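Asks: the sequence isn't on hand, but the structure is:
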């Protein structure tokens, strides 16, 4: 089944059971999630201060970082298009100057949906090359039960500066490293490290609320996700605060635990795939069993997580 929606209708599809995590709910449940969609008009941004001039904003989609100061604000991710007016209002509460730069961690609309609104206001949008490529064309996310299709982003919402491997900003008294990860959550991911503040924004390479969704149809792989987390961990110390793509603020220890869980589960599923087990047999073996309490309460359940790993590893085995 193919579901083609405008961006307003699609955003409503991307919610689940009151969880403020647009996008990932749809990727698990598909169009049925629309029936449970909460009223976006009731969503308000919550702000958490991380330093003298660095803030985290929590709205309806992916988590946002804002570095303020005399050079103009640098913003990481732009949430859903439906929340753009509220995002603008939230930004005025933490920054005297309008956003000068917007960095997208990847192209999914719960992280880049607000791009056109900020772009029309003169914000310079910066992202990996593949973010621009995806946003310029019709976007398709295969959720298993359906293919969700969205139309190209308007020109004012496209990145005007793109990079292949990474880019550095020297603004507002900090150095901000934006680092691309090959084939992680998607083929367009980057994480963002604020050196002076010692804060890491991971995008959807890490979620503190549950198992990951790997968008295999758009270049995502579990191996790439694991490798990306290794690179992110190398920048952290015990004092680093971590802004995940979704979920509450956390730290290096939790990012390490997430990485370690991914490695263990991947190894278990791989062993079973190599023995010729079916998907149902792999799921029945419960390779995530001891992780359910910590990671099994998000919007990607263990069965979907295992299925995605199984499909990826099975394809790789056939190619091998």
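Replies: That came in fine, so what should we check first? Quick caveat, the model's predicted, so the values are computed rather than measured. Residues are numbered from 1 along each chain as shown.

Asks: so where's this structure shaky on pLDDT?
Replies: 1-38, 143-146, 320 (pLDDT under 70).

Asks: can you pull out the helices in it?
Replies: Listed in chain order, the helices of the chain (DSSP state H) span residues 7-13, 24-29, 84-94, 109-112, 115-120, 129-136, 222-233, 252-274, 279-284, 292-295, 302-319.

Asks: point out the most buried one among those helices.
Replies: Highest mean neighbour count of the helices of the chain: helix 109-112, a mean of 29 (counted as mean count of other Cβ atoms under 10 Å). The C-beta positions use only the backbone N, C-alpha and C, and glycine is treated the same way.

Asks: elements contacting that helix?
Replies: Packed against helix 109-112, as judged by 3 or more Cβ pairs under 8 Å, 6 or more residues apart in numbering; DSSP states H and E, are the following elements: helix 7-13.

Asks: before we move on, the earlier item: out of the helices of the chain, which comes closest to residue 64?
Replies: Residue 64 sits nearest to helix 84-94 of all those, at 7.5 Å, using Cβ to Cβ.

Asks: neighbours of residue 217, just the number please.
Replies: Residue crowding around residue 217 was assessed by other Cβ atoms under 10 Å; the count is 13.

Asks: spit out the contact partners of it.
Replies: Residues counted as contacts of residue 217 (Cβ atoms under 8 Å, 6 or more residues apart in numbering) are 140, 141, 142.

Asks: format those as JSON lines; extra columns: distance to residue 236 and neighbour count.
Replies: Formatted as JSON lines, the contacts of residue 217 follow (distance: Cβ to Cβ, whole Å; neighbours: other Cβ atoms under 10 Å):
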{"residue": "140", "distance to residue 236": "34", "neighbour count": "14"}
{"residue": "141", "distance to residue 236": "30", "neighbour count": "22"}
{"residue": "142", "distance to residue 236": "33", "neighbour count": "13"}
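
Asks: of those, closest to residue 49?
Replies: Nearest to residue 49 among those: residue 141, at 33.9 Å, using Cβ to Cβ.

Asks: leaving out sequence neighbours, find the closest residue to that closest one.
Replies: Nearest residue to residue 141 in three dimensions, chain neighbours excluded: residue 148, at 4.7 Å (Cβ to Cβ, 6 or more residues apart in numbering).

Asks: from residue 188, how far out is the one you found?
Replies: The spacing between residue 148 and residue 188, counted by Cβ to Cβ, to the nearest Å, is 17 Å.

Asks: the more surrounded of those two?
Replies: Set residue 148 next to residue 188 and count neighbours by other Cβ under 10 Å: residue 188 wins out with 29 against 24.

Asks: backbone dihedrals for the more buried one, please?
Replies: Backbone dihedrals for residue 188, given as degrees, to the nearest 10, come out at phi -130, psi 10.

Asks: surely it touches residue 134?
Replies: Yes: under the criterion of Cβ atoms under 8 Å, residue 188 makes contact with residue 134 at 6.1 Å.
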